[in-house]
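Asker: Structure here, sequence nowhere to be found:
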C-alpha cells in the first residue's frame with residue numbers, strides 16, 4: 001500500500017523530484033506515474049489500481065495542473081473516493097506552488113489549507129499527520145447513480161473532455177460550503193447554457209453519475225418542457241407535498257431540470273422550478289442567456305480541437321463543424337461504420353437534405369434554429385450568414401437592412417438591435433472581437449436547411465455584399481482587341497448593381513473556379529452553367545436591362561456582357577454537351593453510381609477540356625463587369 005499517490009503535470013517534473021525525495025526520506029512510500037494516462041482514455045487500469053492501493057492523493061496543483069486531463073482524472077477519482085466517505089478532503093491533499101488559489105477546483109479544495117514546499121521538513125510532517133488519521137487505502141468505485149428518484153434520461157454517448165466544466169458545476173453548486181472563499185452563505189442554482197447539441201444534457205448526466213456521493217438523497221431528473229407532468233410522477237401535485245417528501249428523506253439531493261424552454265416562461269416561472277426543499281441543489285440546462293438571476297451560469301462551448309478530432313474521426317470533419325459534439329459524433333459514427341471522410345465532407349456541404357439529419361435519421365438541425373421566431377431575429381441571422389465566416393456588428397446588420405428594405409437607418413438600427421439581442425440570448429451567436437458576432441458552422445448549416453424564406457436570404461446576401469464589401473480601386477485590365485488605361489464609369493447605379501450581382505455569382509461558378517482533373521461532376525458543371533443563364537436573366541429583369549447585343553459604345557456594358565455570357569459563351573458549350581451526356585447517363589447500370597459511370601465515359605476528357613477552355617472568356621467577362629461595378633475579387637483577366 002502506498003502512503004501517497006503524487007499527481008502532477010509532466011511539465012512540473014523537475015520541480016516535483018525534490019518533493020519525491022523529501023517524502024521518501026521522511027519514511028513515506030510514494031507512487032509517481034512516469035507514463036501518464038493515454039489521451040482521452042479516461043483513467044487507465046494501472047492508475048485506478050494504484051490509486052486503490054494508496055491512502056491519499058497529493059496534488060502538486062500548479063497553474064498548469066488543471067490543463068492536464070490525466071491530472072484531472074486522478075484528482076476526480078480521489079476526490080470522489082473521499083466524498084463517498086463524507087469528506088472529499090480526507091483523500092486529497094493540495095500543494096499549491098502559486099501565489100493565488102483561483103486556479104484550484106473544486107471549491108472545497110480551494111478553501112482547504114494548502115501545503116508549501118518552502119519548508120520540506122514541515123511539509124513532510126503535515127503529510128504524515130494527515131495520513132495518521134487514515135488506516136486503509138481508498139475505495140475506487142465506478143460511477144453510476146444508485147437512486148434516480150424521478151425520471152430517467154436517455155442513454156448517454158461516450159463523455160469526452162469537459163472535465164473543467166464538471167468542476168465548475170460542482171464548485172458552483174457547493175460555493176456555500178466555502179463562504180470565506182466564495183462570499184456565499186446560501187446555495188444557489190446553477191444553469192448550464194449553450195446552443196442546441198453542444199452537450200448541456202450530457203454534461204448534467206455525467207455530473208450526476210460521477211458526483212452521486214455528494215447527493216445521498218438521490219437524483220431527480222425533470223423534463224423542463226413537461227415540468228408539471230414530470231413532478232406528478234412523484235405522486236405529488238403541490239409544493240407542500242414535495243417539501244414533506246424530501247424532508248422525510250432528510251439527505252441532500254440533486255434536482256436537475258433539463259431543457260428549459262425559456263422562450264415559453266418568464267424568469268419567475270423558471271425560478272419556481274427550483275428544488276422544492278432546502279436540501280436540494282438545482283441544476284438547469286437551457287439555451288437562453290437572458291436569465292442570469294436564476295443562478296450561476298456555466299457556459300458550454302464547442303469541444304477543443306483534440307477532443308473534437310477524436311469524436312469526429314477526421315481533422316477536416318471536426319473543423320467543419322467547429323467542435324460541435326452532436327454533429328461531430330454523428331460524423332464520427334459514420335466514419336467508424338466505413339464511410340469515407342472526404343465523401344462525408346462533400347455531402348455535409350451539398351444541397352438537399354442535411355447530412356446530419358440523414359445520419360441521425362431525424363430532424364436534428366431543426367432543433368438548432370427552433371428559436372428563430374421573429375422577423376427581426378431571422379433577418380439578423382440571414383445577414384450573419386451572408387458573410388460567414390466574417391463576424392458582423394449590430395451596426396453592420398443595420399446597414400444591410402437599410403439598404404435591402406430602403407428604410408431609414410433609425411428603423412433598421414432598431415430591427416438589427418432586436419434581432420442580434422435575441423440571437424445572443426438564444427445562444428445562436430458566438431462573440432468575436434470588438435463587439436462583433438459570428439455564427440457557429442452548425443448554426444449556419446441548420447439555417448440553410450430550415451430558412452423559411454430563402455428568397456429573402458438571397459436579397460439580404462446581395463445587399464450585404466454591396467453594402468459591406470468595400471470596393472477596391474479600379475484596376476487596368478488588358479483585352480485582346482484593345483488596351484484601356486482606366487475603366488469606364490458605370491452609366492447608372494442600376495447597371496453598377498447589376499454588374500456587381502452578376503460578378504459575384506460568376507466568380508463562384510465552376511467555369512471560373514477550375515475543376516481539377518478527375519474531380520467534381522460534369523453533370524453538376526452543366527447544371528451550374530444552366531443556372532447561371534437563369535440568374536443572369538433574372539438579374540437583368542430586376543434592374544430593367546434588356547438581353548440584346550447592344551449598341552457599340554466603345555466600352556462594354558452590362559447588356560453586352562450579359563449577351564456575350566449567355567449567347568456567345570455558355571450556350572455554345574451546353575447546347576451540344578447536354579444531350580450527349582444525358583444520352584450516356586440513361587445507360588447507367590443500376591448497380592453503378594452516377595459518378596463512377598460518368599468517370600468511365602469516353603468523351604469525359606474532351607468535355608472537361610472544353611469546360612476548361614471556357615475559363616478564359618468567362619474571366620474576360622468578369623473583368624468587364626468589374627470595370628462597371630468597381631469591385632475586384634482578385635480574379636485576373638487573361639489577355
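Answerer: Sure, I can see it. The structure presented is a predicted model; accordingly, all values stated were derived computationally and were not measured.
Asker: Strands of the stretch 201-350 of the chain, start to end?
Answerer: Counting by DSSP state E, counting those that start in this stretch, the stretch 201-350 of the chain has strands at residues 219-223, 253-260, 280-286, 296-299.
Asker: nope, the chain is what I was after
Answerer: For the chain, applying DSSP state E gives strands covering 2-7, 30-32, 54-60, 92-95, 148-150, 190-193, 219-223, 253-260, 280-286, 296-299, 430-431, 437-438.
Asker: out of the ones you listed, nearest to residue 458?
Answerer: strand 437-438 (20.5 Å; Cβ to Cβ). In this view, the C-beta of every residue, glycine as well, is placed from N, C-alpha and C.
Asker: Identify the residue nearest residue 163 in space, chain neighbours excluded?
Answerer: residue 72 (4.2 Å; Cβ to Cβ, 6 or more residues apart in numbering).
Asker: Residue 371 too?
Answerer: residue 426 (4.1 Å).
Asker: ok, the one you found touching residue 288?
Answerer: Yes. The criterion here is Cβ atoms under 8 Å, and residue 426 meets it with residue 288 at 6.4 Å.
Asker: And the pLDDT at the closest residue to residue 316 other than its chain neighbours?
Answerer: Nearest non-adjacent residue to residue 316, counting by Cβ to Cβ, 6+ apart: residue 345, 5.5 Å away. Note on residue 345: pLDDT of 91.
Asker: quick one: low-confidence parts of the stretch 1-150 of the chain?
Answerer: 34-44, 107-108, 110-116, 142-150 (pLDDT under 70).
Asker: And the helices in it, which stretches?
Answerer: 13-25, 45-52, 69-84, 107-110, 120-131 (DSSP state H, counting those that start in this stretch).
Asker: Give me the angle between the longest one and strand 54-60.
Answerer: Using axes from the mean of the first three to the mean of the last three Cα atoms, to 10 degrees, the direction of helix 69-84 lies 130 degrees away from that of strand 54-60.
Asker: same check, this time on the first one
Answerer: Orientation of helix 13-25 against strand 54-60 (the same axes, to 10 degrees) gives an angle of 140 degrees.
Asker: ok, back up a step: tell me who's in contact with the residue nearest to residue 163.
Answerer: When contacts are counted by Cβ atoms under 8 Å, 6 or more residues apart in numbering, residue 72 is found next to 66, 163, 164, 167.
Asker: Run through the residues that contact the last one.
Answerer: Going back to what we said before, that points to residue 167. Counting by Cβ under 8 Å, 6+ apart, residue 167 has contacts 66, 72, 105, 106.
Asker: Also the first one?
Answerer: Going by Cβ under 8 Å, 6+ apart, residue 66 touches 72, 103, 105, 164, 167.
Asker: Quick check: which ranges of the stretch 351-500 of the chain have low pLDDT?
Answerer: Using pLDDT under 70, the flagged stretches of the stretch 351-500 of the chain are 470-493.
Asker: That one: helices as residue ranges?
Answerer: In the stretch 351-500 of the chain, helices defined by DSSP H, counting those that start in this stretch lie at 355-360, 364-368, 375-386, 394-405, 409-425, 441-450, 454-468, 493-507, listed in chain order.
Asker: Identify whichever of those lies nearest to residue 22.
Answerer: helix 441-450 (51.1 Å).
Asker: Skipping adjacent residues, who's closest to residue 216 in space?
Answerer: residue 251 (4.3 Å).
Asker: so that neighbour touches residue 277, yeah?
Answerer: No. Between residue 251 and residue 277 there is no contact, the gap being 10.4 Å when judged by Cβ under 8 Å.
Asker: More neighbours: which of those two?
Answerer: Set residue 251 next to residue 277 and count neighbours by other Cβ atoms under 10 Å: residue 277 wins out with 20 against 11.
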